[in-house]
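S.K.: would you be able to build a 3D model of this:
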Amino acid sequence: MSIDPDAPEYAWQQLAAVIEDRIATGKYTRRLPSESSFSQEFGLARNTVRRAMEDLRERGLVVTIPQRGTFVKRDS
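M.R.: As a prediction, this is how the structure comes out:
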């Protein structure tokens, strides 16, 4: 999947949707790739990646642990 600059959704929304899909399909089951990895893979600024991660955290899909990374949030 790629980010479409002409799409009506912001790039961070598109990236969040891609990551959410990868979580749902089991591609990401634990730790997510780094912000820098997403930035390189999709050709996005790190601030855009951070905004996507913030959205996923707000929706309860991931949790970020400082100095460790961002992880798929497990249902309790």
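S.K.: give me the buried positions along stretch 32-48.
M.R.: Neighbour-count burial for stretch 32-48, counted by 16 or more other Cβ atoms under 10 Å, picks out 32-33, 35, 38-39, 42, 44, 48. The way it works is simple: take the backbone N, C-alpha and C, and place the C-beta from them, glycine included.
S.K.: now what about that stretch, what contacts it?
M.R.: 2-3, 11-12, 15, 18-19, 49-50, 52-53, 62, 69-72 (Cβ atoms under 8 Å, 6 or more residues apart in numbering).
S.K.: with these in mind, which one is nearest to residue 26?
M.R.: residue 72 (9.8 Å; Cβ to Cβ).
S.K.: quick revisit: adding distance to residue 25 and pLDDT, write the buried residues of stretch 32-48 out as a markdown table.
M.R.: Output for the buried residues of stretch 32-48, formatted as a markdown table (distance: Cβ to Cβ, whole Å; pLDDT from 0 to 100):
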| residue | distance to residue 25 | pLDDT |
| --- | --- | --- |
| 32 | 14 | 98 |
| 33 | 15 | 98 |
| 35 | 21 | 97 |
| 38 | 17 | 98 |
| 39 | 22 | 98 |
| 42 | 18 | 97 |
| 44 | 21 | 97 |
| 48 | 23 | 98 |
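S.K.: got the residues you listed as a markdown table, with distance to residue 23 and secondary structure columns?
M.R.: Formatted as a markdown table, those follow (distance: Cβ to Cβ, whole Å; DSSP: H, G, I helix; E, B strand; the rest coil):
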| residue | distance to residue 23 | secondary structure |
| --- | --- | --- |
| 32 | 8 | coil |
| 33 | 12 | coil |
| 35 | 16 | helix |
| 38 | 13 | helix |
| 39 | 19 | helix |
| 42 | 16 | helix |
| 44 | 18 | coil |
| 48 | 19 | helix |
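S.K.: distance to residue 57 for those residues - can I get that in a markdown table?
M.R.: Below are the buried residues of stretch 32-48 laid out as a markdown table (distance: Cβ to Cβ, whole Å):
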| residue | distance to residue 57 |
| --- | --- |
| 32 | 11 |
| 33 | 16 |
| 35 | 13 |
| 38 | 14 |
| 39 | 18 |
| 42 | 19 |
| 44 | 18 |
| 48 | 15 |
